[in-house]
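1. Give the three-dimensional model of this entry:
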Amino acid sequence: MNAASNESTVVVVIVDPAFGEQLQAIPAGEPVWITMSPANEPVVRLLWSTSQSPTNHLSGITGFHFDESVSAEDRLLAELDQIDLHHGPHSSKSPYTELSVRGARLTSDVRAGLQEYGFSDFVESGDGFTARRPLEAATRRRE
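-> Next up, the predicted model:
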């Protein structure tokens with residue numbers, strides 16, 4: 001995180017409905033978007049109530065709707081517009097260039113959806129993947 005501007009170029013997106021207590025290991029103030037499943041919501045609410053760090057739309061934890069009938073990959077794709085609106089060039093002088101996704105697979109649909117936002121570098125991990133885009137793609141406004 002850039003301390004001078006309190007803006008990050010990394011956004012963590014958690015679509016794992018069982019992530020729960022693991023959320024506490026993510027540094028305070030890091031921008032996190034998390035599905036508000038029954039296991040995640042109590043931890044999110046606890047962290048909201050005990051947070052000592054000032055947050056704005058570029059930092060802290062944002063919860064989004066959980067529907068158990070929707071796959072993790074579809075939940076991720078459904079949130080991309082909102083994530084980009086809040087952390088992209090419309091809202092930040094330092095738009096995010098990286099998504100650290102936990103709980104979703106890098107399917108062809110997810111890859112295609114992220115490519116629409118300029119993401120071109122993908123690295124899979126045991127619990128998800130990281131997607132990166134060049135700064136030039138990050139600063140391009142989507143209409």
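
2. Just list what the regular element (helix or strand) spanning residue 109 packs against, helices and strands only.
-> Under the criterion DSSP states H and E, the helix or strand holding residue 109 is helix 108-115. Applying 3 or more CB pairs under 8 Å, 6 or more residues apart in numbering; DSSP states H and E, one finds that helix 108-115 makes contact with helix 72-87. For glycine as for every other residue, the C-beta is placed from the backbone atoms N, C-alpha and C.

3. how does it look with 10 Å?
-> Under the contact criterion of 3 or more CB pairs under 10 Å, 6 or more residues apart in numbering; DSSP states H and E, the helices and strands touching helix 108-115 comprise helix 72-87, strand 98-102, strand 121-125, strand 128-132.

4. how distant is the third one from the center of its chain?
-> A distance of 15 Å separates the C-alpha centroid of strand 121-125 from that of its chain, computed with CA atoms, centre = their mean, to the nearest Å.

5. coming back round to it: the helices and strands packed on helix 108-115: which one's closest to residue 29?
-> Comparison of the helices and strands packed on helix 108-115 against residue 29 by CB to CB identifies helix 72-87 as nearest, at 13.7 Å.

6. picking that back up, looking at the helices and strands packed on helix 108-115, which is closest to residue 108?
-> With CB to CB as the measure, helix 72-87 is the member of those nearest residue 108 (10.1 Å).

7. Any idea which of the helices and strands packed on helix 108-115 gets closest to residue 139?
-> When the helices and strands packed on helix 108-115 are ranked by proximity to residue 139, the top entry is helix 72-87, at 11.9 Å, counting by CB to CB.

8. buried residues in that closest one?
-> When neighbours are counted by 16 or more other CB atoms under 10 Å, the buried residues of helix 72-87 are found to be 72, 73, 74, 75, 76, 77, 79, 80, 83, 84, 86, 87.

9. average pLDDT for the helix holding residue 109?
-> Averaged across helix 108-115, the pLDDT comes to 98.

10. Now do it and strand 121-125, the angle between them.
-> For helix 108-115 against strand 121-125, the angle by axes from the mean of the first three to the mean of the last three CA atoms, to 10 degrees is 140 degrees.
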